[in-house]
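> need a 3D model of the following:
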Amino acid sequence: MSQSPPNGYSAPEASHRYVLDMVRGADRERFLGALFAPEPQRSGLLSLLAFDHELARTRSVTKEPMLARIRLEWWREAIAEAAGAGKPRAQPIVESLSETVRWHGLQREALVRLIDAREEEIEGPLDVMTAGQALADLELAVLGVDDAASRQAAHAIGAAWLMGEGPERDQLVGDARALRRKVDPRALPILLPAVSLGRPMGPLRRPLAYWWSARRGRY
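Sure, this is the predicted structure:
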């Protein structure tokens, strides 16, 4: 982030760079969307995406349920530190997320909801509605958006992002687009990934498509 957070805590620049590089490589479409947010919201969105990516990796990192739960418990402890007043543990994503949590006043419970959603995935299917909405609520808080239309659209896109192709995903994207004239323009960075849920796009075309959609206020 380009300024010092009001509570005096700043994550090391190396941590911000680590988060940016991770999200750029692991979550390209949502990374592109986040770039359309101003600072410090942009860095906040990237830290949330990095956090979400680490939680989503739980099932691939270990197939043993007990080890998966231990991993998620580590994140619960890290979140408690991030939402506290002391110095968080020296891990790049935790440090970047701590700055985001304290700058934007994110609630610890809202972060834990995202962890809880991923814990259900350890021994069963992911509840895409719960997980998508949990992340969307955190992103909306970072963007300072709290109107009902923006929340409904963000929830729909957040859930659709976690689904495979099919009519249910198409319906969610359509529902979100139907709200286009009502959503807060500040929510656009987390709605733009809907562009990638349509027809396939190559890596060279995608950034231009995002730019054009953002310019027109569409997703």
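
> from here on, contacts and neighbour counts on C-alpha atoms
Fine.

> pLDDT weak spots in the protein?
Within the chain, the ranges that satisfy pLDDT under 70 run 1-8.

> if we go to 50?
For the chain, the stretches with pLDDT under 50 are 2.

> helices and strands around the helix or strand where Ala141 lies, which ones?
Assigned by DSSP states H and E, Ala141 belongs to helix 128-143. Judged by 3 or more CA pairs under 8 Å, 6 or more residues apart in numbering; DSSP states H and E, the packing partners of helix 128-143 are helix 41-56, helix 92-104, helix 108-120, helix 148-161.

> tabulate the ones you listed (a markdown table), appending mean neighbour count and distance to Ile190.
Formatted as a markdown table, these follow (neighbours: other CA atoms under 10 Å; distance: least, CA to CA, whole Å):
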| stretch | mean neighbour count | distance to Ile190 |
| --- | --- | --- |
| helix 41-56 | 23 | 9 |
| helix 92-104 | 25 | 16 |
| helix 108-120 | 19 | 17 |
| helix 148-161 | 23 | 7 |
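
> is it possible to get a markdown table of those that adds distance to Gln171?
What follows is these, written out as a markdown table (distance: least, CA to CA, whole Å):
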| stretch | distance to Gln171 |
| --- | --- |
| helix 41-56 | 24 |
| helix 92-104 | 32 |
| helix 108-120 | 22 |
| helix 148-161 | 9 |
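
> quick one, longest helix in this protein?
helix 65-82 (DSSP state H).

> contacts only, for the residue positioned nearest the centre of the chain.
The centroid of the chain falls nearest to Leu49 when counting by CA atoms, centre = their mean (3.8 Å). By CA atoms under 8 Å, 6 or more residues apart in numbering, the contact list for Leu49 reads 23, 27, 30.

> of those, buried ones?
Buried members of the contacts of Leu49, counted by 16 or more other CA atoms under 10 Å: 23, 30.

> quick one: which of the contacts of Leu49 is nearest Tyr219?
Within the contacts of Leu49, the smallest distance to Tyr219 is 12.5 Å, found for Arg30 (CA to CA).

> what's that closest one in contact with, if anything?
Residues counted as contacts of Arg30 (CA under 8 Å, 6+ apart) are 49, 190, 192-193.
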